[in-house]
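[1] What follows is a predicted structure for the sequence shown.
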Amino acid sequence: MQYVNEAFNTNWVAPLGKNVTEFENEVCGYTGAKHAVALSSGTAAIHLSLKALGVGKGDIVFCSSFTFAGSCNPIKYLGAKPVFIDSEYDSFNMSPTALKKAYVKYPNPKAIIIVNLYGNSANFAELKKITASFDTPILEDAAESLGATYNGKASGTFGDIGIFSFNGNKIITTSGGGMAITDNKKWRDKMLYWATQARDNAPWYEHTEVGYNYRLSNICAGIGRGQLQALDDRVKRKKEIYSLYKKEFMQNKHIKMCPIPINCEPNFWLSVISLGKACQVSFMDILNKLETLNIEARPTWKPMHMQPVFKKVPFFSHLASGSVCEDLFSRSLCLPSDTKMTNDDVRFIASVVNEMTV
Ligand SMILES: *Cc1c(COP(=O)(O)O)cnc(C)c1O
């Protein structure tokens, strides 16, 4: 409220101002990135990042299949061609095995979007060995993983450009917003230019390129500055919620918590469970049952290669038949994970799920 009030009091109710600059500086401070651009959404951040990496009409862009549509829609905005890559069980994120298969058919992707789902980092150690040998620039979609670390380094800093989302459902929010971070000043300047209608340096409105109206407002950035101060507490509480679910499901042989990948300290954004293959109830049965108790749980992201809009897009699986992300989608669900939940709330939800499945 303090930062938002300040914006009103100083009459900076605009897409620029102190909060925008400070929010960028503070995210740089938090992550260790050199530069940041605050934008109107995570999707806008992906759009401009891909453009900065040189993606244009007809280019191939690799992308995790197990993700939200915001990850890959911008590939289509640019007239480029997505190629979807399967997940691995260890992190739910991009499978190095599937990625290798994709390179056999498409050795020259213009960029790769690697997504960190549910607060888990992707396996960058393995993935980067592969992308480096093909010189593919990485866009790290850290929309869901702000506050997580991998090898002790902030999530979002493993690509050439990283992006965050501050949509209402994310671990911190600006009501709607996003950010791109990078160590490359040239890309940062380019993204800022495109985000502000590509206005050239001239006394009148001069444009040599097509631009966008993608900047974050000074009011929303004020919300973000306040939220950022709460981030570490949220991660701590999210971890407690995850651990409590884990404890409650310990005796239940049909339920597995989403794994914590090696060398990763997740932000535990959502507690996800997967049902064993012998379990008699489906994830939809559980969602419906919880719904009758006024408890909202959600399916996991339906993989992009299964979406009608992307049905002609090539997909490379981790497995010889079927795929890991289809399998995970068919038997997993996101449990309520809000930091305002009490331990009793968590225990109650777990007891409902346990009663249905054991
Ligand atoms: C939320 C999300 C996005 C898009 O962010 P918006 O701010 O909603 O545009 C992109 N990728 C992933 C993985 C997300 O969860």
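    Right, received. Where do you want to start? Numbering: from 1, shown residues only.
[2] going forward, measure contacts between C-alpha atoms and count neighbours the same way
    Will do.
[3] tell me the contacts of the spatially closest residue to residue 4 that is not a sequence neighbour?
    Excluding its sequence neighbours, the residue lying closest to residue 4 (C-alpha to C-alpha, 6 or more residues apart in numbering) is residue 222, at 5.0 Å. Residues in contact with residue 222 (C-alpha atoms under 8 Å, 6 or more residues apart in numbering) are 1, 3-4, 7, 19-20, 23, 174.
[4] Just the buried subset of the residues you listed, please.
    Burial by neighbour count, 16 or more other C-alpha atoms under 10 Å: within the contacts of residue 222 this picks out 3-4, 7, 19-20, 23, 174.
[5] Switch those residues over to JSON lines; also include pLDDT, distance to residue 317 and secondary structure.
    Putting these into JSON lines (pLDDT from 0 to 100; distance: C-alpha to C-alpha, whole Å; DSSP: H, G, I helix; E, B strand; the rest coil) gives the following:
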{"residue": "3", "pLDDT": "96", "distance to residue 317": "47", "secondary structure": "helix"}
{"residue": "4", "pLDDT": "95", "distance to residue 317": "47", "secondary structure": "helix"}
{"residue": "7", "pLDDT": "92", "distance to residue 317": "49", "secondary structure": "helix"}
{"residue": "19", "pLDDT": "96", "distance to residue 317": "44", "secondary structure": "helix"}
{"residue": "20", "pLDDT": "97", "distance to residue 317": "41", "secondary structure": "helix"}
{"residue": "23", "pLDDT": "98", "distance to residue 317": "39", "secondary structure": "helix"}
{"residue": "174", "pLDDT": "97", "distance to residue 317": "36", "secondary structure": "coil"}
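[6] in stretch 203-211, what counts as buried?
    residue 211.
[7] picking up where we left off before, for the residue nearest to residue 4, give its distance to residue 111.
    Counting by C-alpha to C-alpha, to the nearest Å, the gap from residue 222 to residue 111 is 33 Å.
[8] Same question for residue 183.
    Counting by C-alpha to C-alpha - residue 183 and residue 111 are separated by 17 Å.
[9] Neighbour count for the two, which is higher?
    The neighbour count for residue 183 versus residue 111, taken as other C-alpha atoms under 10 Å, is higher for residue 111 (24 against 18).
[10] so what's the more buried one bridging to?
    In this structure, residue 111 bridges to residue 61 when assessed by DSSP bridges.
[11] Give the residue spans of the stretch 251-358 of the chain that score low on pLDDT.
    Low-confidence segments of the stretch 251-358 of the chain, defined by pLDDT under 70: none present.
[12] Verify the stated contact: residue 310 with residue 302.
    No - checked against C-alpha atoms under 8 Å, the pair residue 310 and residue 302 is beyond contact range at 11.9 Å.
[13] pull the longest helix from the protein.
    Using DSSP state H to define each element, the chain has its longest helix at helix 218-248.
[14] so does that helix get close to the ligand?
    No - using C-alpha under 6 Å from any ligand atom, no contact is recorded between helix 218-248 and the ligand, whose separation bottoms out at 12.6 Å.
[15] List the buried residues for that helix?
    218-228, 231, 234-235, 237-242, 244-246, 248.
[16] Show me which positions of stretch 347-358 end up buried.
    In stretch 347-358, counting by 16+ other C-alpha under 10 Å, buried: 347, 349-350, 353-354, 357.
[17] Stretch 125-138 now?
    127-128, 130-131, 136-138.
[18] any idea which of the residues you listed is closest to the ligand?
    residue 138 (14.5 Å; C-alpha to the nearest ligand atom).
[19] residues in contact with the closest one?
    Per C-alpha under 8 Å, 6+ apart, neighbours of residue 138: 111-114, 131, 159-161.
[20] If we use 6 Å, what do you get?
    111-112, 159-160 (C-alpha atoms under 6 Å, 6 or more residues apart in numbering).
[21] where does the stretch 101-250 of the chain come near the ligand, residue by residue?
    115, 141, 143-144, 165-167, 177-178.
[22] between those residues, which has the most around it?
    Neighbour max across these (other C-alpha under 10 Å) = residue 141, 33 neighbours.
[23] Please name the nearest non-neighbouring residue to it.
    Counting by C-alpha to C-alpha, 6+ apart, the residue nearest residue 141 is residue 115, at 4.6 Å.
[24] on that earlier part again, name the nearest of the buried ones among the contacts of residue 222 relative to the ligand.
    Among these, residue 174 lies closest to the ligand (C-alpha to the nearest ligand atom), at 9.6 Å.
[25] tell me the domain boundaries of this structure?
    2-228, 232-357 (automatic domain parsing).
[26] Who are the contact partners of residue 172?
    Here residue 172 is in contact with 166, 227 (C-alpha under 6 Å, 6+ apart).
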